[in-house]
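Trainee: 3D, please:
(one chain, ligands or ions: 1)
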Amino acid sequence: MDRPPRPSPLAPSPAPAPQAREFEFTARDFEEVRRLIHQHAGISLSDAKTDMVYSRLARRLRAVGARSFQDYLGRLKAGDDAEWEAFVNALTTNLTAFFREAHHFTILKDFLKTRRERPITIWSSASSTGEEPYSIAMAAVEAFGDFGNTPVKVLASDLDTNVLRRAQEGVYPVDRLGKLAEAQQRRFFLKGTGNREGQVRVRPELGAMVSYFRLNLLDAVWSIKGPVDAIFCRNVMIYFDKPTQYKILQKMKPLLKPDGLLFLGHSEALYHASDLFRLRGQTVYVHAESQGARGDGREARGRG
Ligand SMILES: C[S@@+](CC[C@H](N)C(=O)[O-])C[C@H]1O[C@@H](n2cnc3c(N)ncnc32)[C@H](O)[C@@H]1O
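Mentor: I've put the predicted structure just below:
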């Protein structure tokens, strides 16, 4: 691709492209969006996200027929529930993959084999489009041998109602299964034909292991009954500031059995919450009081 000519260091730097934008988007508008999404979803947006915020919300302005960001934000604050949902959905980042951070699923399988109580419950607390909860369910079936013998229920929640709908549908482009062996693909997915060519759908037995529901990790009350055996809270903490992370971890703690495991994303260390959880290794945490945990909150081995 051709690069645009570099501006001379002496020339004034070109103004950002607001005049090319369909709607005016001032620094004040951005600040207001930033305040509202932080208040409602805990998400902290950096300045680098200005263009992303503009393009995602411009679609909402068009959809509701707003004349400007001010008009749109005014309507939003006037209290339209459906638009609040669309606003939050527009600003979440849902990147995910099957068997993302694959070492977690090896650890999970070993852990599942040691559990004695039935059923075993695992909560995927930022499940996005379903790849994570279905990977948990697949790992569980592999740990116990077959569907009939797998005493595992997966609870899967997210704040974003669009991704929850897609997760429930369980339909993916076939190339999303890149990390799965052929045998896994056949065991857990049905191949689409006709106008579903190029797509796969999770098999009903796998789908039946997972229950989806909306849960905002920022809400004061969570619609989940614990304690569960393991919690996956991966690649969502990075969007929250440290005090918000701490509050969420405080609420998660009683929901996790005393000998349960907490899985975090590879860039989400809990140094600031080492009174709550301690590192067991490879971004897997246990209750701070539990035996055998490392006390310094640091990685025992390389990151996954
Ligand atoms: C980058 S995805 C991570 C998906 C999956 N856990 C993984 O690691 O692949 C982050 C997810 O967190 C969700 N999320 C963001 N803020 C949230 C909140 N306050 N409560 C619950 N989920 C939230 C987003 O909707 C998004 O689906």
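
Trainee: check which helix or strand covers the nearest residue to residue 77 once chain neighbours are set aside.
Mentor: Closest residue in space to residue 77, ignoring its immediate chain neighbours: residue 36 at 7.7 Å, by CB to CB, 6 or more residues apart in numbering. From N, CA and C alone the C-beta is placed, and that goes for glycine too. Per DSSP states H and E: residue 36 is located in helix 27-41.

Trainee: Does the ligand have contacts with that helix?
Mentor: Yes - Helix 27-41 reaches the ligand (CB under 6 Å from any ligand atom) through residue 41.

Trainee: Please enumerate residues in contact with that helix?
Mentor: Applying CB atoms under 8 Å, 6 or more residues apart in numbering, the contact partners of helix 27-41 are 43-45, 50, 53, 57, 69-70, 73, 76-77, 84, 87-88, 91-92, 159, 216, 218, 239.

Trainee: Those residues of this structure touching the ligand, which are they?
Mentor: 41-43, 92-96, 100, 126, 128, 132, 158-160, 163, 216-218, 234-236, 239, 265.

Trainee: Weed out the non-buried ones from these.
Mentor: By neighbour count, with 16 or more other CB atoms under 10 Å, those hold 41-43, 92, 94, 96, 100, 126, 128, 132, 158-160, 163, 216-218, 234-236, 239, 265 as buried.

Trainee: Go through the contacts of helix 27-41 and flag which are in helices.
Mentor: Residues of the contacts of helix 27-41 located in helices (DSSP state H): 50, 53, 57, 69-70, 73, 76-77, 84, 87-88, 91.

Trainee: For the ligand, state which of those is nearest.
Mentor: Nearest to the ligand among the ones in helices among the contacts of helix 27-41, counting by CB to the nearest ligand atom, is residue 88 at 8.0 Å.

Trainee: Residue 231 belongs to a helix?
Mentor: No - assigned with DSSP: H, G, I helix; E, B strand; the rest coil, residue 231 falls outside any helix and is strand.

Trainee: Compute the number of surrounding residues for it.
Mentor: Using other CB atoms under 10 Å, residue 231 has 27 neighbouring residues.

Trainee: Test my guess that it contacts residue 126.
Mentor: No - in this structure, residue 231 is not within contact of residue 126 by CB atoms under 8 Å, at 10.4 Å.
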